[in-house]
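Provided below are the primary sequence and the corresponding predicted coordinates.
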Amino acid sequence: MNRACELLLLVLFFSAFIQAQESPAASSSPTQASLPESSRSAADSCTPEKPVVQPGEVIEVRLWAAQPSGAEQPAWTATAGHIQGNGSQAIWNLSGAPAGYQTATVRYSDETGPATCSAQIVVEVSSGGRGTNRETGHDLLVKGAGEVAGYGLYSYVLLGAAPDAASRERCLRLIEAVLQQAPAVADMEKYFDKKELNVTYLPVTAASKGPASAEWLLENYDYARARFLLHLLPGDLTGGPYIVSSLQPLGSGTVAGPFLLQDLSRVPPHLVALWTGEFLRQASQEHFWQASFGTTMALRVRTAIGIMAEGLPDVRKGLNEWVSLTR
């Protein structure tokens, strides 16, 4: 079996698995047990602009399928919110949508006749306002200096060893994602109390002159300090990259209370920003160590597909277009 077929089977398997987990009644219904029409064509697929959305957010969903000339325009429906289609693209307004899995379905015609295709997303639980959630900012942990006391949460970007040619891009993507998604913590302190902030540290051997780029941070990364911090955590954490969050600074030499650990060593580089964004969102919650099952499942599915898509230029191009909009 070639890799293209393996990829298709993987996508179909995970789609069926997620639907079965979210809608157990469907698996016992004889009328819903038949193979979906859209599965007849390997080229047909539906993708959301992003897999995880906030309540009330507006996103785009798209149908990837060849339609014969003169065919009726695709018709879109959704399990929650309001969706309005414009051919192969539709705008999905999630206002009023409850938390959990939601599905957009499109009915259209391909070369073999009528078909349907569905795309799933996860609507996050509303925070209900500012509450006890934390905002995230980044800072450099310069060699010889300790963490600043008083923050609500302490996170670290940790590399267990200098990256080789295969892992360098992954490490750069992680650092870039942190710089883009988490403003400088000094700027955040102008508006938030320290207890409301999650400071995300990047260990370095020297202070930078002005804003530091991802390339500079990787060239000046403090691997020795990172190894010391990783040594405090359970497991053989010698590679990475990793992101760790703790209620207390790890520089104290102990891990006090629960912590959140994300191992990105197997995540394809083009999916690192997606994983990083979800980790930072999870860390912002009051009970940050309780990872969301639905969100984690959605991300793992996309990572598995990303790994399978390596070496398939056409599939990877489509996946990159999908994932690039989820940051």
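Great, that's in hand.

Quick check: which ranges of the stretch 1-150 of the chain have low pLDDT?
1-44, 125-132 (pLDDT under 70).

can you pull out the strands in it?
45-48, 52-53, 58-64, 75-78, 82-86, 89-93, 100-110, 113-123, 135-142 (DSSP state E, counting those that start in this stretch).

Quick check: which of the ones you listed is nearest to Gly253?
Proximity to Gly253 (C-beta to C-beta) singles out strand 135-142 among the strands of the stretch 1-150 of the chain, at 14.8 Å. (Glycine included, C-beta is placed from N, CA and C.)

quick one on the thing from earlier: can you put the strands of the stretch 1-150 of the chain in a markdown table and add distance to Thr276?
Shown next, in a markdown table, are the strands of the stretch 1-150 of the chain (distance: least, C-beta to C-beta, whole Å):
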| stretch | distance to Thr276 |
| --- | --- |
| strand 45-48 | 19 |
| strand 52-53 | 13 |
| strand 58-64 | 19 |
| strand 75-78 | 28 |
| strand 82-86 | 29 |
| strand 89-93 | 24 |
| strand 100-110 | 23 |
| strand 113-123 | 17 |
| strand 135-142 | 11 |
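
separation between the most far-flung residue of the chain relative to its centre and Glu49?
In the chain, the residue that sits farthest from the middle, by C-alpha atoms, centre = their mean, is Gly70; the gap is 38.5 Å. Distance, Gly70 to Glu49, by C-beta to C-beta, to the nearest Å: 29 Å.

With Ser252 instead?
Counting by C-beta to C-beta - Ser252 and Glu49 are separated by 42 Å.

Compare the two (neighbour count), which wins?
Legend: neighbour count by other C-beta atoms under 10 Å for Ser252 and Glu49, higher for Glu49 (20 against 13).

CA atoms only: put whatever helix or strand Arg225 lives in into PDB for me.
Assigned by DSSP states H and E, Arg225 falls within helix 223-231. What follows is helix 223-231, C-alpha atoms only, in PDB (Å, rounded to 0.1, in the frame of the first residue of the first chain):
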ATOM      1  CA  TYR A 223      21.500  24.400  27.000                       C
ATOM      2  CA  ALA A 224      23.300  23.700  30.300                       C
ATOM      3  CA  ARG A 225      20.600  25.600  32.300                       C
ATOM      4  CA  ALA A 226      17.800  23.900  30.200                       C
ATOM      5  CA  ARG A 227      19.300  20.500  31.100                       C
ATOM      6  CA  PHE A 228      19.300  21.400  34.800                       C
ATOM      7  CA  LEU A 229      15.600  22.500  34.700                       C
ATOM      8  CA  LEU A 230      14.600  19.300  32.700                       C
ATOM      9  CA  HIS A 231      16.500  17.200  35.300                       C
END
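
and it with strand 135-142, angle?
Orientation of helix 223-231 against strand 135-142 (axes from the mean of the first three to the mean of the last three C-alpha atoms, to 10 degrees) gives an angle of 130 degrees.

Could you list the residues in contact with helix 223-231?
Residues outside helix 223-231 that contact it (C-beta atoms under 8 Å, 6 or more residues apart in numbering) are 141, 143, 156, 158-162, 203, 237-238, 240, 242, 244, 250-251.

Of those, just the buried ones, PyMOL syntax please.
Remark: buried members of these, expressed as a PyMOL selection using 16 or more other C-beta atoms under 10 Å:
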select buried, resi 141+156+158+159+160+203+237+240+242+244+250+251
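
Could you identify the pair within the contacts of helix 223-231 that is furthest apart?
Taking C-beta to C-beta, the two most distant members of those are Ala162 and Gly251; they sit 21.6 Å apart.

so where's the stretch 201-327 of the chain uncertain?
Residues of the stretch 201-327 of the chain meeting the criterion pLDDT under 70: 286-327.

where along it do the strands fall?
Using DSSP E, counting those that start in this stretch, strands in the stretch 201-327 of the chain cover 242-246, 259-263.

quick one: the first one to strand 259-263, angle?
Using the same axes, to 10 degrees, the interaxial angle of strand 242-246 with respect to strand 259-263 works out to 170 degrees.

Give the other helices and strands that strand 242-246 contacts.
strand 153-158, helix 223-231, strand 259-263, helix 272-283 (3 or more C-beta pairs under 8 Å, 6 or more residues apart in numbering; DSSP states H and E).

closest to Val58 out of the ones you listed?
helix 272-283 (17.9 Å).

The closest one to strand 153-158, inter-axis angle?
160 degrees.

Check whether Ala71 really touches Tyr108, as I assumed.
Yes: using C-beta atoms under 8 Å, Ala71 makes contact with Tyr108 at a distance of 7.2 Å.
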